[in-house]
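# make a model of this:
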Amino acid sequence: MALTHLTLADPYLLLVAVLIPLLFLVKRKTFIGYSNLNLLKRTLESNFWVKLPTVLFLLAIAFLLVALARPQKHEYEEFKQLEARDIILVMDLSYSMEMGLDGESRKRKIDIAREAAREFVKKQEGSRIALIVFGDEAYGSWPLTTDLNIIDEKLQNIGNRFHGGTNFEKPFKKAFQHFEQMGQSQSKVLIFLSDGDAPIPPQAKAEIVQDIIQKGIRFYLMGIQLTNARDILDIVKSVGGKFIDIQKEAEFSQGFDEINRLEQSAITVEKTEIKSVEFYAVFTLVGLILLLLAEILRNTLMMEFP
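Model prediction:
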């Protein structure tokens, strides 16, 4: 909750304050002589006490005038929002993903990749995520959604079935179509996770590069022990993407963490006015107290002075 500075709802009422000095200027001045100079000396010594009721009266009038002008503060509610992103996660389900990492772990590549992807998805609050799997064909496992639990469930179920060899051209086309049909955000992220070395025809490769650039898609390739994937790496380089080389089990999670750091959402702050809080009662109370003090001084202490 944020508060603005104190403001006046009716500041023009303060113009009344200009009239107060005029009252003192037009006040008729009278003089009564002193029969005893000692009385004059006593009056000069008590000059402060003589003026105090007037000072208090003027302060009281000032506070009451401010109260009439209605001092107030406006309360605002601040909402912080993460910039929404459309993220398509493309997972390789070719037969080679069923194998383990060479001598490193008996776990299958797909099992390690799946768990790392699940952790990544859990950190994408506010974004829309879609899941595409591919082998020699591309399959839409789930369209763009903000329901991260659904994507997590879908990821848990992959790895029970595999789809032949690796064909990069088809998942690219499917991802582009999905961005076009279902995309809502200006921020588009495409993540490929694959161990495939499949070639891509030159014309298809040129079209893929053109689409990524024209659609403003940020492309990440998480390559699992890639040795001769020249075509897909050419695409990464041509579009200014990021290649994350994965050789060990721990590097799956590290790769997704790196993407998450690079894709931190911008935060926008929306400020909405809630209400105005009035302070005239405080100024009125202070003004009345000062008036009361001034009157008490005039009718008690000041009676001692001539």
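
# list the buried residues in the helix or strand residue 112 falls within.
In the assignment (DSSP states H and E), residue 112 maps to helix 109-122. For helix 109-122, burial by neighbour count (16 or more other C-beta atoms under 10 Å) applies to 109-118, 120-121. Glycine gets a C-beta too; all of them are placed from N, C-alpha and C.

# now stretch 214-227
Applying 16+ other C-beta under 10 Å to stretch 214-227 flags 217-226 as buried.

# please identify which of the residues you listed is nearest to residue 277.
residue 218 (45.6 Å; C-beta to C-beta).

# pull the contacting residues for that closest one.
187-190, 241, 263 (C-beta atoms under 8 Å, 6 or more residues apart in numbering).

# at 6 Å instead, please
Residues in contact with residue 218 (C-beta atoms under 6 Å, 6 or more residues apart in numbering) are residue 189.

# now it: how far from residue 198?
22 Å (C-beta to C-beta, to the nearest Å).

# do the same with residue 114
Taking C-beta to C-beta, one finds residue 114 at 21 Å from residue 198.

# any chance of the buried residues of helix 109-122 in JSON lines with distance to residue 168 as columns?
Shown next, in JSON lines, are the buried residues of helix 109-122 (distance: C-beta to C-beta, whole Å):
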{"residue": "109", "distance to residue 168": "17"}
{"residue": "110", "distance to residue 168": "17"}
{"residue": "111", "distance to residue 168": "22"}
{"residue": "112", "distance to residue 168": "21"}
{"residue": "113", "distance to residue 168": "17"}
{"residue": "114", "distance to residue 168": "20"}
{"residue": "115", "distance to residue 168": "24"}
{"residue": "116", "distance to residue 168": "21"}
{"residue": "117", "distance to residue 168": "18"}
{"residue": "118", "distance to residue 168": "24"}
{"residue": "120", "distance to residue 168": "21"}
{"residue": "121", "distance to residue 168": "23"}
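
# which two among the residues you listed are spaced furthest apart?
109 and 121 (18.3 Å).

# and this protein, what are its domain boundaries?
2-25+44-76+271-304, 88-265 (automatic domain parsing).

# so where is this protein shaky, pLDDT-wise?
1-5, 13-14, 16-50, 76-83, 103-105, 264-275, 301-306 (pLDDT under 70).

# quick one, longest helix in it?
Looking across the chain with DSSP state H, the single longest helix is helix 47-68.

# export that helix as CSV, just CAs?
C-alpha atoms of helix 47-68 as CSV (Å, rounded to 0.1, in the frame of the first residue of the first chain):
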residue,chain,number,x,y,z
ASN,A,47,5.3,41.3,26.6
PHE,A,48,5.6,37.6,25.7
TRP,A,49,2.6,36.6,27.8
VAL,A,50,0.6,39.5,26.4
LYS,A,51,1.2,38.2,22.8
LEU,A,52,0.7,34.5,23.5
PRO,A,53,-3.1,34.4,23.4
THR,A,54,-3.0,36.2,20.0
VAL,A,55,-0.4,33.8,18.6
LEU,A,56,-2.5,30.8,19.8
PHE,A,57,-5.6,32.4,18.3
LEU,A,58,-3.9,32.9,14.9
LEU,A,59,-2.6,29.3,14.9
ALA,A,60,-6.1,28.0,15.8
ILE,A,61,-7.5,30.0,12.8
ALA,A,62,-4.8,28.6,10.5
PHE,A,63,-5.6,25.0,11.6
LEU,A,64,-9.4,25.5,11.2
LEU,A,65,-8.9,27.0,7.7
VAL,A,66,-6.8,24.0,6.7
ALA,A,67,-9.5,21.8,8.1
LEU,A,68,-12.1,23.6,5.9
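
# which other helices and strands contact it?
helix 280-299 (3 or more C-beta pairs under 6 Å, 6 or more residues apart in numbering; DSSP states H and E).

# got the buried residues for the helix it packs on?
280, 283, 286-287, 290-291, 293-294, 297.

# buried ones in stretch 239-251?
Quick answer for stretch 239-251 (16+ other C-beta under 10 Å): 239, 241-244, 246, 249, 251.

# closest to residue 8 out of these?
For the buried residues of stretch 239-251, the nearest to residue 8 is residue 242 (55.7 Å; C-beta to C-beta).

# tell me the contacts of the closest one?
Neighbours of residue 242 in contact, by C-beta under 6 Å, 6+ apart: residue 220.
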